Structure formats: structure tokens, C-alpha cells
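>>> let me see the structure of the following:
(chains A and B)
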Amino acid sequence: MSVLPFPSFLDDVKEKGLKKAVFELVDESVERLTAGMNVQDIREALRGEPASRKPNPRLQPHADGFWLHMRPGYFHSDMTGLYPTFRLGWLSTYLVFFETITGILLMVWYTPSPEVAYSDMLNILGNVPMGQLVRDLHRLGAEAMVLIVALHMVRTFFTGSYKKPRQFTWFTGLILLAITGFLSFSGYLLPWDQLALWAVTIGASMIEATPPQIVGDNLNLLIRGGPEIAANGLLRFYLLHVLLLPALLFVFTGVHYYKVIVHGHSLPPRKENIGEDTAKRVPLDKRVYFIPDVLTSEIMWLGVTTLILVVLCIWFYDAPLEHHADPQVTPLGTTAPWYFLWIQGALKLGDKVFWGIIFPGLILGLLAVWPYLDVTVSRRYADRRFAITFFLSIISFVTILSYMGLAEFGVRTSPDVEIFHEMTFPPAHNHVGKLLPVPYEQLVAGVYSTRQTSASPEDAEAAIGAFNAEIEQQMVPDPLVAGSTITLEERVKRDLEVQHLPLPSGLTFRTVPSDAPELLQQLQYFGDRLLAANNELYNAWGAIIISQNQDNLKRIDLVISWDEVKVENGEPVVGADGKPVLVLDVNGNPMRRVSTAHVFVHKDAAYFSH
Amino acid sequence: MATASVTKAKPDGLAKAGQSIQVCAPSRREFLYYIWGASIALILGQASAGLIWFALPRFKEGEFGGTFSFAGDAIPPAGEPPVNIPSGRFWLSNITDEGFVALYGVCTHLGCLPKWVETNSRFECPCHGSKYELNGKWIEGPAPRSLDRFKTKLTFDDGSTAETNENGDPIPLNGKKILNVAINTGARLKRNGQV
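A predicted model of the protein is given here:
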């Protein structure tokens, strides 16, 4: 007789007692949820005991469940150690997932419009709890993903795992590499800062160079959404980054992994007879079952990777955010991220069509069809000297090009501009201009000169006093009235007034107060740099002028003044005595030059200083 | 309707053992499939073309294609540093013995904006180091050609006018005083290489 008008759980309770009925219900639910393993099976697996019933319940979730249907039920024990895979394929997959999650989290607070994108970034970094952490994780994860994916490719090449029958798997892997690169490129624009805008402008111009002309021009327009990158462009890049490219990535990851499973993981080269592909037939004594050994190992790898990423982001890594994108000013030092430096270096070699499009295309194309070219049968390292040498030389070449792609290599400008840049550039790749991290309270309003630091500390006051007198007496040509002269102090004052820094009482230098040691330290650095550039900035002095611009906002002006040196092709002309040849005016006196720059620092800016 | 397939058997084809492929004319069903397939391919092709048309940005060529007008005194004296007009993306350059030219400020390499560096007396692009002279001529660097320029019309004090030639060379001033400058940012002239 049923307790209720229909059969139910209560009947079991009546029959077996509450405790037993509940346990059996739980046990059955667990077996359904796991698609085949009940509580005892799970406990046996966790204890490392062999399965106590047949068929092996640990294989049932693979047969019946969706989540494990493509994962192998068991692996070859030669494959489950660190060598030969280093788990790079698993890590690559995890990083795809990681980036998707952190990306979606960022999407909660980001809108792809030039009007709000940058302030959304500031909001995420400053206002959203853990916003900075999520953003840094996403950025660091992207770099990690490119690195891991590249290492995965390197590993697969060295172990010859691309050979028959796995050629197509390798090919889909190259497609995934390209998609990863495009994902990185499209995401780069989204913060809408100077680095984003100009790095992507350069990339889009490279796409414009695709031959033939009509293809390149139209691709460029399609991607920019207009003649230059603005609202339409940002939206298109955003859609590429969050919709189209992830969709392609998921599809091709599916294809790639399916092929891996269909052929089986290739064994270490030494463990196979040459020409035999024994990966699919795993002898009983070599089986390592997925549940629980490989599963727990994979989870451990996830944990360690996440730990490393989080530790790096909290204590060591800060994703850059430069100034708001300005389509009218290209900043010094726009660099590609490190994995694109090789293209940037290649571009410095010459024609952009060849070095920007054809050359990278050739390299990737060659890699993609390599398994169809290399049809030798042996995977042993000793038998593959040519292939390994070839690959190592590609890696070397790309590394050298990457060095050439660095901002420090090759693109020099005049030394005053370079020194200003060094002192004031906004955060980029873990570096920032020297003056920005000085604590706000130590930016004491005043006018300071490098003459202080070139004298010894006891003579500092005297040196500054002498300097004040010097600039009041030194006469330079008046830029407004031909033929007449003004004092150097007046000249500098006028240049600063043009930059909207009023100095009603003129320029009176003083020593840096004793409670601003970091400011003094940067003043010293400034002076040292000027000394090092003496060949081009002859007899130079520098000034740092700090003023309160608004509540909570300080303005730092930098001045460099020097005697003009003869310059040919961007290099100073050096005379027979080893000293630079000065440019002299009609009276035979050196021409005094003045150059200024300025930057604003907010009280809450909190620039990092490592 | 019963499909009666018309089989034109090749006389020798059936006789030889092991010959498997027999060529025959398509049945009506097969033929219709081919026609459907071709129509679908055509539709897909039209859809792709339509898609590209859809996605191409709608804009006016280059900058807003309009003409910028200045009074003559906006032009710097000969040999002096050029004047930047950011809204039009061009520089006003007056070169001694050569004349006036309005240079398009975008580097011909990859789209960055070169700056005029006074110390070195030349334009220097901060991205990959392309350098140009005051008249836009290429000096060094990966840029494929000298700076582009805009068609300009000068009106002088004495009423005469002068226009940029089709090579984009600077307009000689011949000592005359300029009354008005009109720069057409819709008409961009590219130089024929690094000249």
C-alpha cells in the first residue's frame, strides 16, 4: 500500500527506514549526476583502489556523459608526465576559458564608445572592487596565452608530433595561433588610450598594405569603419573581439581537439618504433585512467596556473593605461606587445608590403604546410637535425627581429625631447616617467634647477643663488623683436607663459626642500641625463617647476636650456678637439636654446614606481 | 511521375569486367539539384557582396574633403619651422627658394603623425623613424615615399594666383606677398617615390 496515492520516496522510507532510504536516494542521484559513478565508486577512486565492479564505472561518465565524452577514458602512462607535453595543450585550453571569464567580467563595466571607453577603464581600475585585478588578469592572461600557445607549437614541432597522421591537427593549430593573435590585436584597442589607438593604427595600416591594392584598401576600410579609427572602428574591433573571433576560436578548438583524440596523443619519440603510430593502442599495464588520476592532475595544473597569474597581478604586474587617445598626437615610444615586436622590427627594415604582410605570411604559411613538406617517417631527434635546425633558426630570427622592434632600437629623436619623454611618459609596460611616481606631497610648489645637484650639497644654496644671478644677466636674442636682446630669465618666462604657466614674479630658483627627497632624486637624475647628453645639449641646465594648478592637481613644467650645437643628419658635429662645434650668431656668441614640456599629476593618480 | 532515366551506355563500357564507371546523362532530379546548387551559390555570392557593401563605412574621402582658407600671414616666413594645423591634418611649410607647400601630416609608412623636431630641422616620425625635410622630401626611414601634399591655391597681393602643379611641388613665391591661401583637403597629391 502506498503512503501517497502514487508511488513515491515515502514508500522507501516506510520499507527501509529513513536513514537507508535517504542514503539510497543520494547514491542514485550521484550516479545519475556523474553519468555512471555512485558514492562507493567515487570513494574507491579517491582512495586509489581498483574498481570493485565491472564494467569499470570510471569509464561510464566518458561513455554516457557530455562533458567527458571527448576526453579519453585512459591515457598512456608515457604521456602523463611532465615530458613530453608539459601540459601545454591543457593550459592553452584553460587560458581560453580564463580569458573568456575575465573578459565577460570586464564587459559588465565596459562600453565600446570613444566617449566613455577610457573613463570606463578608469572606473574599472579605480572604482570597481577588484576591477584592477580582473583587468590585469585579463591582460596578463592574454600575454600568457600567446606564450603558452607558442610554446605548445614549439613542443609539437620538436617531438615531431605533426607527422602523419596528425598533419591536419597541426594545421588547425596554426589557425588557432592566428586567431589568438587577432584576438590580442582586437582587444588592444579597447582601452582607447594612446597606446591602443596608435598601435592599432599601425596594424590597420599594415592591413591596408595587403596586395592587391583594392583588397588592402577595402579591408582597411572595413576594419576601421571610417577613414580613421573612431567610434565605428572601436565598435567593430569590439565585435570582432567578443563575438566573431571567440566563436571561431571555439569552433577550431573543437576541431583541433577532436583530431587529437581521434589519433591519440603521440608518444615520446623514443618510445615508438619508427614509422609506427602506437598511440591509440594502450596496453593494459600502461593505462592511466582519467578518473581520478589525470582529472586531479589537470585540476592541480589549473590551480597552480591561476595562483601564478594572481600572484603576478597582485604584486608584480600592472597593465598599462596611458593618456586618453588623441588622434592628433602620436606619442614617442609606441610599441607593439612583445609577441608582435618581431613584426615591428621587420617593418624597420623596409617596404611595408613585403615586411609587414608577405614576410609574416610566408613564415606562417611555411609553418602551416610543414607537415605536408616534411614526410620523413622518423620522429627521433637524432634523425631530424635539419628540421630542428630550421626551426631553431626561425626562432632566432624572430628573436632578433623582436629586439629590433623595441622602442629603444633605432627611433631616436632630438635629446631634449627624449629626456622630457623619460621624465614624464605615462605608464606603459611596467615603466613610467621618472617624475610621476614621486609622492604627491613631495611635489612641493617651486622652481628648481639641476645646478643644485651638480654642486655638492653644502654648496647647493650658493650655486642656486649664483644661478639666479646668471639668468638675470645672460642676454639672448629677443624672438619677437629682431636685433634686440632680453635676459635668459625673460626668455624662459615667455616660453612658459605661451604654455599657459603664468610667472608674474619671474623665475626665482630655490633648493629642493629637505622633506622632498624623491623629488631631489629625480632632479639629480635629470641633471645626470643632461650631462650625459653634453655633446648635443652643450652647457645645459634643466629646471623643474611645480605649481598647484587646481585643487588636487599639480602641474610640472620642465625646461632645458643649452648652447646650440651644429647638427648634421641628426648627429652632432664634433670638432678636432673632441668638443662639439657650436652654432654661433653674428657676434660670434653661442646661440642659447630653450625647450619646455609639461605634465599634470593628480593627487589620486598613484603611479606605481617599479 | 515516374522518373525514367535516360541511360546512354557506352558500348564498350559494360562489356569489360572491372570497368565500374558508366557515364550517363543526368536524370531530371540530378539536373535540378545542380540548378538549385548554382542558384544557391549565386545567392551566397550576392549576399557576400551585399555584406561587404553593408559593412563599408560611409564617409567622404579622406578628411572632411573641404577647403581650408587662411589669410596670408598664417604662413611662416621662408625657412622657419612649419605651422601645424591639426584640424586639417596638414602643415604649412615655406621653403627658401622653393616656395609654399601644404603637407599632409600623416606618415606615408603606417599612419603615425611625424613631429617637426626643431633641433634636427626635420620631420621625424616617432613610430619607426621615418624622416622628412621641410618640403616633405623623404630623408631616411621605412616610408615608401615623401609626404603627401594638398592642392593649394595662393592669391597674391597683386591679384595674381598660383596653384600646385600635378607633381605637388611647392609653389614658388617669387618674392610676392600672399593675400590668401586655400588648401583643398579633398585633393591629395602623392609623390612618385622618395623624391
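>>> ok, now how distant is A:I363 from chain B?
19 Å (CB to the nearest CB, to the nearest Å). Yep, even glycine has a C-beta here, placed from its N, CA and C like the rest.
>>> that residue: neighbouring residues, count only.
15 (other CB atoms under 10 Å in any protein chain shown).
>>> ok, it touching A:I394?
Yes: the criterion here is CB atoms under 8 Å, and A:I363 meets it with A:I394 at 6.9 Å.
>>> backbone phi and psi for the closest residue to chain B within the stretch 451-600 of chain A, please?
Residue of the stretch 451-600 of chain A nearest chain B, by CB to the nearest CB: A:G570 (4.9 Å). Backbone torsions for A:G570, taken as degrees, to the nearest 10, come to phi 80, psi 0.
>>> tell me the confidence at it?
Per-residue confidence (pLDDT) for A:G570: 70.
>>> enumerate every residue touching it.
Contact analysis of A:G570 by CB atoms under 8 Å, 6 or more residues apart in numbering or on different chains lists A:R412, A:S414, B:N120, B:R122, B:K131.
>>> who's in contact with the second one?
This means A:S414. A:E536, A:G570, B:V117, B:E118, B:T119, B:N120.
>>> before we move on, back to that, could you identify the buried members of the contacts of A:G570?
The neighbour count (16 or more other CB atoms under 10 Å in any protein chain shown) marks A:S414, B:N120, B:R122, B:K131 as buried among the contacts of A:G570.
>>> I'd like those residues as CSV, with secondary structure appended.
Shown next, in CSV, are the buried ones among the contacts of A:G570 (DSSP: H, G, I helix; E, B strand; the rest coil):
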residue, secondary structure
A:S414, coil
B:N120, helix
B:R122, strand
B:K131, strand
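>>> which one's the longest helix in the chain?
Picked chain A for this. Secondary structure assigned by DSSP state H gives helix A:131-158 as the longest helix of chain A.
>>> wrong chain, I was asking about chain B
Longest helix in chain B, counting by DSSP H: helix B:28-55.
>>> is chain A within reach of it?
Yes: Helix B:28-55 is in contact with chain A by CB under 8 Å from any CB of the partner chain, via B:I52, B:A55.
>>> now do the same for whichever helix or strand comes after that helix: mean pLDDT, whole number.
As assigned by DSSP states H and E, the chain's next helix or strand after helix B:28-55 is strand B:67-71. Averaging pLDDT along strand B:67-71 yields 87.
>>> what residues of stretch B:33-43 count as buried?
For stretch B:33-43, a neighbour-count test (16+ other CB under 10 Å) marks nothing as buried.
>>> which parts of chain B sit against chain A?
Looking at chain A, the residues of chain B close enough under CB under 8 Å from any CB are B:52, B:55-57, B:59, B:61-63, B:86, B:89, B:109-115, B:117-122, B:124-129, B:131, B:139, B:142, B:144.
>>> next, count neighbours for the closest residue to chain B within the stretch 101-250 of chain A.
Nearest residue of the stretch 101-250 of chain A to chain B (CB to the nearest CB) works out as A:S205 at 4.0 Å. Using other CB under 10 Å, the number of residues around A:S205 comes to 22.
>>> may I have the helix or strand hosting it as CSV, with CA atoms only?
Taking DSSP H and E as the definition, A:S205 sits inside helix A:194-208. Provided in CSV are the C-alpha atoms of helix A:194-208 (Å, rounded to 0.1, in the frame of the first residue of the first chain):
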residue,chain,number,x,y,z
GLN,A,194,47.2,56.5,-26.8
LEU,A,195,49.0,53.1,-26.8
ALA,A,196,45.8,51.4,-28.0
LEU,A,197,44.9,53.9,-30.7
TRP,A,198,48.4,54.2,-32.3
ALA,A,199,49.4,50.6,-32.1
VAL,A,200,46.2,49.6,-33.8
THR,A,201,46.5,52.4,-36.3
ILE,A,202,49.8,51.0,-37.3
GLY,A,203,48.3,47.5,-37.5
ALA,A,204,45.4,48.7,-39.6
SER,A,205,47.8,50.5,-41.9
MET,A,206,49.7,47.2,-42.4
ILE,A,207,46.4,45.5,-43.4
GLU,A,208,45.9,48.4,-45.9
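>>> so what does that helix touch, helix or strand wise?
Judged by 3 or more CB pairs under 8 Å, 6 or more residues apart in numbering or on different chains; DSSP states H and E, the packing partners of helix A:194-208 are helix A:167-188, helix A:213-224.
>>> the longest one near chain B at all?
Right, the one you point to is helix A:167-188. No: Helix A:167-188 stays clear of chain B (CB under 8 Å from any CB), getting no nearer than 14.1 Å.
>>> ok, and what's touching that helix?
A:99, A:142, A:145-146, A:149-150, A:152-153, A:156, A:161-162, A:196, A:199-200, A:203, A:237-238, A:240-241, A:245-246, A:248-249, A:252-253, A:255-256, A:259-260, A:263, A:337, A:339-340, A:364, A:367-372.
>>> among the residues you listed, which ones are buried?
In the contacts of helix A:167-188, the ones that pass as buried (16+ other CB under 10 Å) are A:99, A:142, A:145-146, A:149-150, A:152-153, A:156, A:161-162, A:196, A:199-200, A:203, A:237-238, A:240-241, A:245-246, A:248-249, A:252-253, A:255-256, A:259-260, A:263, A:337, A:339-340, A:367-368, A:370-371.
>>> OK, contacts around A:R529?
A:I419, A:E422.
>>> okay, and it sits in which element?
helix A:517-532.
>>> and that helix, C-alpha only, in CSV?
Output in CSV follows, covering the C-alpha atoms of helix A:517-532 (Å, rounded to 0.1, in the frame of the first residue of the first chain):
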residue,chain,number,x,y,z
PRO,A,517,64.0,63.5,-1.1
GLU,A,518,62.4,61.7,-4.0
LEU,A,519,62.0,64.9,-5.9
LEU,A,520,65.6,65.7,-5.3
GLN,A,521,66.5,62.2,-6.5
GLN,A,522,64.7,62.8,-9.8
LEU,A,523,66.3,66.3,-10.1
GLN,A,524,69.6,64.5,-9.8
TYR,A,525,68.6,62.0,-12.5
PHE,A,526,67.6,64.9,-14.8
GLY,A,527,70.9,66.6,-14.2
ASP,A,528,72.8,63.4,-14.9
ARG,A,529,71.0,62.8,-18.2
LEU,A,530,71.8,66.4,-19.3
LEU,A,531,75.4,65.8,-18.6
ALA,A,532,75.5,62.6,-20.5
